Each structure stands twice: as C-alpha cells, then as structure tokens.
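Asks: just the structure for this:
(one chain, ligands or ions: 1)
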Amino acid sequence: MDTTAATYAPAHHGVTVRHNFETAHRLPHLGGKCTNLHGHSWWVEVSAVAPALDSSTVVEFGAFKAELRSWIDTHLDHGAMLGVDDPLAKVLADHGSKLFRFGAPQPLPAEEFAANLPHPTVEAVAVLLGRVAMDVLVGLGHAPGARIEGVRVTETHVNSALWRGGSA
Ligand SMILES: Nc1nc2c(c(=O)[nH]1)N=C([C@H](O)[C@H](O)COP(=O)(O)OP(=O)(O)OP(=O)(O)O)CN2
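Replies: Below is the predicted model of the structure:
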C-alpha cells in the first residue's frame, strides 16, 4: 500500500457524542415571537480530536458522555435559559422553577461558563457547551493533545449553531 500521502497529512483522530435536552428560553432583545417563553427539544453534538491515540482512543466514550450528560441534565434539562436582564428570571427563581442565567453578574458556579454571554441564543448555547465540554475533557484521561474541535447545537429541525474550538 502506498502511504506517501498519509505521511504528509497531519494525524487527526476524532470522536463525536450526542445528547438531547428539553429546555425553554426566550430572546426579548430580538423582538417578535422569540420574546415569548418557548421550549425546544435541543440536540448537542460534541466533537473531540487528537493528533495521536491513547489506549486506541481520543477519549473513552462512556466517561465522556456520562460527564457531559450529567452537566446538561443537571443544569439545563427541563429548565429555562434566560438572559441577564430578563425580569422573568426573578419570577421563576422565586417559584422554585429550574433556571440557568446567561450573563449573570453574580453567577452560580455552573453559570460562570456563560457569564460573558448575555443572551441564550443558539450560538451562545453552543459556546456554553463548548466550554463545558473542554472542562469535562480536561478532567478525564484522554489522548495527548486532545481538544474539543466543535460543538453543534440544534434548536429546531432547521436551526442550528456551530462553535469551533481553537487549535491546540
Ligand atoms: N441567530 C439566531 N437567530 C434567532 C435565534 C437564535 O438563537 N439565533 N432564535 C430565534 C428564536 O428563538 C426562535 O425559536 C427561532 O426562530 P425562527 O427560526 O424564526 O422560528 P421558527 O422555528 O418558527 O421558524 P420556521 O419558520 O418554522 O422555520 C430567532 N432567531
């Protein structure tokens, strides 16, 4: 077999995991129908890459999914994502309804991932979950040089956003 081309191409291995969550949000700053509190069945796809493998893996699927799913289910699933200036945040919190605030001036520990993201747009949710995925990857055993390459968040069947991680 001629492997000449392969010797010139940088080694690159990738894995992707998916998860879903049922979460409300609203975007009053955009006006129109997005001002209404509404829910979506969100999907997230997280891709990790590495230049070489460790134990023949980039990162072990089970552990990676368990950590990502745990964070998403704990903080987002069956809750609401609201922006920093949204008056509904206080109402929901006062009634014990699950809430994740974007751009909060005094964020809870989990909300620190979204502290500089003022609105829960699909793009901002992709950034949030990119940061969460990086944190999860760092905490696990993984291949040398492994990193989060990208996160795609799908809000509806026709709307999605892609966040791409920087190179190592
Ligand atoms: N760049 C972005 N634009 C919009 C976002 C967003 O997060 N980023 N979000 C919304 C609303 O949240 C809304 O849920 C989606 O809007 P839209 O696609 O217009 O609504 P529909 O799903 O009803 O559209 P279809 O006509 O059914 O395709 C708006 N914009």
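Asks: mind listing what the helix or strand encompassing E45 pairs with, with the direction of each?
Replies: Following DSSP states H and E, one finds E45 within strand 38-50. Here strand 38-50 is paired, per DSSP bridges, with strand 13-25 (antiparallel), strand 147-156 (antiparallel).
Asks: any buried residues in it, and which?
Replies: H40, W42, V44, E45, V46, S47, A48, V49, A50 (16 or more other CB atoms under 10 Å). Backbone N, C-alpha and C define where each C-beta goes, glycine included.
Asks: can you check stretch 68-80 too?
Replies: Residues of stretch 68-80 classed as buried by neighbour count (16+ other CB under 10 Å): L68, R69, W71, I72, H75, L76, G79, A80.
Asks: confidence score at S167?
Replies: If you check S167, the pLDDT there is 65.
Asks: going forward can the numbers begin at 68, since that is how I track them
Replies: In the new numbering, first residue 68, that becomes S234.
Asks: and the longest helix along the chain, what does it pack against?
Replies: Using DSSP state H, we find that the single longest helix of the chain is helix 189-205. Judged by 3 or more CB pairs under 8 Å, 6 or more residues apart in numbering; DSSP states H and E, helix 189-205 is in contact with strand 105-117, helix 128-142, strand 214-223, strand 226-231.
Asks: hey, C-alpha coordinates of the strand holding E112 in PDB?
Replies: This file holds the C-alpha atoms of strand 105-117, laid out as PDB (Å, rounded to 0.1, in the frame of the first residue of the first chain):
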ATOM      1  CA  HIS A 105     -40.900  28.900  24.400                       C
ATOM      2  CA  GLY A 106     -39.400  25.400  24.500                       C
ATOM      3  CA  HIS A 107     -37.300  23.400  22.200                       C
ATOM      4  CA  SER A 108     -36.000  19.800  22.000                       C
ATOM      5  CA  TRP A 109     -32.400  20.700  21.800                       C
ATOM      6  CA  TRP A 110     -29.600  18.400  20.500                       C
ATOM      7  CA  VAL A 111     -25.900  18.900  21.000                       C
ATOM      8  CA  GLU A 112     -23.100  17.200  19.200                       C
ATOM      9  CA  VAL A 113     -19.600  17.500  20.700                       C
ATOM     10  CA  SER A 114     -16.500  16.500  18.700                       C
ATOM     11  CA  ALA A 115     -13.100  15.900  20.300                       C
ATOM     12  CA  VAL A 116      -9.900  15.400  18.300                       C
ATOM     13  CA  ALA A 117      -6.300  14.400  18.900                       C
END
